[in-house]
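Participant: show me how the following folds:
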Amino acid sequence: MTATTDGGSGTVPPGAPSATRPPAPAPATGHAPAAAPGAPAVREAAERAAGRAVRDLLGRQDPQGWWKGDLQTNVTMDAEDLMLRQFLGIRDARTTEAAARFIRSEQRADGPWPTFHGGPGELSATVEAYVALRLAGDAPDAPHMAAASAWVRDRGGIAATRVFTRIWLALFGWWRWEDLPELPPELIALPRWFPLNIYDFGCWARQTIVPLTVVSAKRPVRPAPFPLDELHAPAGAAASGRRAPATGWDALFQGLDRALHAYRRVAVRPLRRAALNSCARWIVERQENDGCWGGIQPPAVYSVIALHLLGYDLDHPVLRAGLESLDRFAVWREDGSRMIEACQSPVWDTCLAVIALADAGVPADDPALVKAADWMLAEQVVRPGDWAVRRPGLPPGGWAFEFHNDVYPDIDDTAEVVLALRRVRHPDPARVDDAVRRGVRWSAGMQSRNGAWGAFDADNTSSLPGRLPFCDFGEVIDPPSADVTAHMVEMLVGEGRAAGPRTRRGVHWLLAEQESNGAWFGRWGTNYVYGTGSVVPALIAAGVPASHPAVRRAVGWLERVQNEDGGWGEDQRSYSDPEWAGRGASTASQTGWALLALLAAGERDGTAVTRGVEWLARTQREDGTWDEPYFTGTGFPGDFSINYHLYRQVFPLTALGRYLHGTGDVRGTGPEPRLPRRTDLHRAP
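Facilitator: Sure, this is the predicted structure:
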C-alpha cells in the first residue's frame with residue numbers, strides 16, 4: 001500500500017480537553033436566527049468550502065471507483081503484528097524498524113501509550129507496545145522504555161493486563177497458560193439453542209474465539225528472546241486486581257472456569273481431536289477470497305496461529321493467502337513508519353462519499369458517481385453467511401464494510417449503500433433496482449424482535465458471553481443500536497416504506513431510546529453527537545415533525561454542548577464518564593454530525609447552525625481538507641476507538657451541501673408515528 005495522504009496528526013486545536021476532565025459547558029445558543037447581514041457572507045464561505053472539499057474528495061477516488069481512507073486504531077495492532085512474525089519465525093529487519101518507528105511516535109511523554117489521540121495511558125496497550133520495541137532492539141534502560149516500564153509497574157504490571165495481552169505473552173513463556181481462563185475447543189460443538197454457543201457471540205468475537213480455542217488447547221510456547229522482569233509489579237502489589245469478586249454471576253463463571261481447567265486434564269482425546277478438527281474446518285470455510293477472515297485483523301492473526309498449530313505450514317495455500325492479506329493491512333508512511341489497520345473500510349467510505357458529493361450538488365450522472373455505483377453494485381453479497389443461523393430463510397443481498405467479507409455483510413453498510421445508489425442516475429436503472437430490492441429485503445429481514453437493528457446479526461443480545469472471564473476485551477455481542485436503526489429507517493423511508501410496520505416499529509424504538517438529556521447513544525461513532533446526528537434526520541424523514549418534543553429536546557442538547565468556537569466535539573471518555581457526553585475538542589466530523597441533525601430539524605437559519613458552518617469554513621485547509629487527529633469512530637465503546645481518516649472529509653461536506661441545497665432526505669408520506677405507551681419504554685435486552 002502506498003503511503004498515507006490523509007493526515008491524522010497535527011497540532012492540538014485550541015480549547016482541546018484536558019486528559020482528566022471535560023471542558024466547561026458552553027452556554028446555550030437558543031433558537032434565535034443569525035443576524036441577517038452575516039448570512040450572505042456565511043453562505044459564500046460555505047460555498048467556497050464545499051467547492052474545495054468536492055475537488056479534494058473527487059481527487060481521492062480510486063480508478064476502480066471506490067474511496068478508502070486510512071483506518072487508524074492503536075499500537076496493539078502493530079505490536080501484535082510483530083509478535084505474530086516473531087512467533088512464526090518470519091520477522092524481518094525492515095518491517096520491524098518501520099513498525100517500531102510508528103509505535104515510538106505514539107508514546108505519551110510520561111511513558112505509556114493511549115488507545116486514542118489525547119487519551120490517557122492504557123495498561124495493556126503499553127505492555128504490548130513495550131514488548132514490540134524490545135523485539136525491535138530498544139534497550140530497557142533507554143529513557144522512553146524505562147518510563148514505560150515504571151508506568152506499567154505502578155499499575156499492577158503484566159498481571160493486571162487484559163486476557164488477550166497475557167495470551168500473547170504466554171506464547172513466549174512470559175506468562176503461564178495455567179493462569180489464563182480456559183477456552184475449550186469443544187465449544188464449537190454446542191448446539192445453537194444452548195447458552196454460550198459460538199453464535200451467542202457477536203461476529204467479531206466468534207471469529208476470534210474459535211481460533212483461540214485451538215490456541216488454548218495447544219498452549220504453545222516459543223523461546224523468549226529476552227526476559228520481561230521489569231514489567232512485573234513488586235511483590236505484594238495488587239497485581240490481580242482485575243479479578244472480579246466471587247459473588248453472583250462472577251462467582252458462577254469463575255467456578256465454570258475452574259471446572260474447565262479440571263476438564264482439560266481428563267478430556268477424552270478423540271473428543272478433543274474431533275473438536276479441533278471442527279474448529280479447523282470452521283476457520284477454513286470462513287476464509288475470504290483475499291485470504292483474510294472477516295475482513296478484520298484480529299481474527300486473521302489468530303486464525304493463522306491456530307491453523308499453523310494444527311499442522312498447516314507457512315507455504316500452505318490457506319496460510320500463504322492469510323499472511324498476504326495481513327500485509328495488505330499495512331500503511332507505509334512517508335516518514336518510513338508502518339501502521340497496521342485493524343480493518344479497511346472501502347464500501348463504507350464509498351457510499352458516504354457518494355452521498356456527500358450528491359448533497360454538495362455534483363450531478364447525479366457524473367462519471368465519478370456512476371463509477372462508484374458500478375463498484376458498489378459489484379460488491380453486493382449474494383450468498384448466505386453466519387447471519388443465516390438466526391434468519392435461515394432470508395435471501396442474501398447485503399453489503400459488507402470491507403473489500404472482501406462475504407460471511408459478514410452488515411446492516412449499516414447496506415442501508416447507506418442503498419441510500420447512495422439512489423443518489424446516482426445510473427445508465428442501467430434496472431440493475432440498480434434489482435440490487436436495491438435484494439438489499440432492502442435482506443436488511444429489513446434482519447430486524448430484531450424489539451423493532452430495532454444490530455449491525456451484523458438479529459437478536460444477538462444474550463448477556464452471558466460478556467460474563468466469561470475470558471471476555472475482557474470489549475463488547476462481545478451485537479445488540480440493536482440507535483445509529484444503525486436510524487440509518488435503516490431512513491433507507492426504508494427512501495424506498496417508500498414510511499408507513500410500513502418495520503419502519504414504524506423502528507421509529508417507536510428510537511423514540512423510546514432517547515436519553516433524558518435529549519441525545520441518543522452512538523454505538524459505532526463517538527458518541528452522543530453521532531447517535532443524535534443519525535437519529536434526528538431519520539425521524540424527520542419518517543414523518544416525525546420538527547416540533548415533536550423528542551426533536552426539540554435533541555436540538556436543545558446540541559445547542560447546549562456546542563463549543564465556544566462554534567464546532568462540536570466529543571471525547572471517547574464519554575462512554576465511561578457521563579461528564580464527557582457531548583464534550584471534547586471540536587472536530588470536522590462531529591461538527592458535521594451535529595449540523596445534519598440541526599438542519600433536518602429545520603434550524604438552518606439558527607445561530608447554532610450558522611456558527612457551526614462558520615467553524616467548518618474557518619478551519620478548512622486551503623487544499624479542501626480538515627485536520628482531525630481525534631478519534632471519532634467506535635469499535636467497542638470505551639475499549640476500541642477508531643480514527644476514520646475519510647470522516648473528516650465526507651461528513652463536513654455532507655453538512656455543507658445540505659446547508660446550501662437542502663437536507664437531501666426523502667420525506668415519508670406515512671402517518672405521524674404513535675408515541676410508544678409507557679409500557680413500551682424499555683431498553684433492548
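
Participant: phi, psi of residue 643?
Facilitator: Here is the backbone geometry of residue 643 (degrees, to the nearest 10): phi -110, psi 100.

Participant: confidence score at it?
Facilitator: If you check residue 643, the pLDDT there is 98.

Participant: what does residue 246 give?
Facilitator: Per-residue confidence (pLDDT) for residue 246: 57.

Participant: likewise residue 292?
Facilitator: Per-residue pLDDT puts residue 292 at 95.

Participant: any regions of this structure where pLDDT drops low?
Facilitator: For the chain, the stretches with pLDDT under 70 are 1-38, 236-250, 253, 473, 663-685.

Participant: can you map out the strands along it?
Facilitator: 71-72, 330-332, 338-340, 633-636, 640-644 (DSSP state E).

Participant: isn't residue 384 up against residue 398?
Facilitator: No - shown here, residue 384 and residue 398 do not form a contact pair, counting by CB atoms under 8 Å, at 10.5 Å. (Glycine included, C-beta is placed from N, CA and C.)

Participant: more neighbours: which of those two?
Facilitator: Set side by side, residue 384 and residue 398 show more neighbours around residue 398, with 29 against 15, by other CB atoms under 10 Å.

Participant: which one is the more buried one nearest to, not counting chain neighbours?
Facilitator: Distance criterion CB to CB, 6 or more residues apart in numbering; nearest residue to residue 398, sequence neighbours excluded, is residue 409 at 3.3 Å.

Participant: how far away is that neighbour from residue 433?
Facilitator: Residue 409 is 19 Å from residue 433, where distance means CB to CB, to the nearest Å.

Participant: between these two, who's got more neighbours?
Facilitator: With neighbours defined as other CB under 10 Å, residue 409 and residue 433 compare such that residue 409 has more, 29 against 13.

Participant: wait, the more buried one sits on residue 399?
Facilitator: Yes - look at residue 409 against residue 399 with CB under 8 Å: they come within range, at 5.7 Å.

Participant: need the overlap of contacts for these two.
Facilitator: Listed as contacting both residue 409 and residue 399 by CB atoms under 8 Å, 6 or more residues apart in numbering are residue 381.

Participant: dihedrals phi and psi, the residue nearest to residue 73 when sequence neighbours are not counted?
Facilitator: In space, residue 73 comes closest to residue 342 once its chain neighbours are excluded; the distance is 4.6 Å by CB to CB, 6+ apart. The phi/psi pair for residue 342 (degrees, to the nearest 10) reads phi -70, psi -20.

Participant: burial check on the spatially closest residue to residue 638 that is not a sequence neighbour, number of neighbours?
Facilitator: Spatially, and ignoring its direct neighbours in sequence, residue 638 is nearest to residue 575 (3.8 Å; CB to CB, 6+ apart). Residues contacting residue 575 under the criterion other CB under 10 Å number 22.

Participant: where along the stretch 451-600 of the chain do the helices fall?
Facilitator: For the stretch 451-600 of the chain, applying DSSP state H, counting those that start in this stretch gives helices covering 482-494, 501-513, 528-541, 549-561, 588-600.

Participant: show me which residues of the longest helix belonging to the chain are buried.
Facilitator: For the chain, the helix with the greatest residue count under DSSP state H is helix 39-59. Buried positions in helix 39-59, judged by neighbour count with 16 or more other CB atoms under 10 Å: 42, 45, 46, 47, 49, 50, 52, 53, 54, 56, 57, 58.

Participant: surely the last one and residue 368 touch.
Facilitator: Yes - taking contacts as CB under 8 Å, residue 58 lies within contact range of residue 368: 5.6 Å.

Participant: what is in contact with the two at once?
Facilitator: Common neighbours of residue 58 and residue 368 (CB under 8 Å, 6+ apart) are 357, 362.
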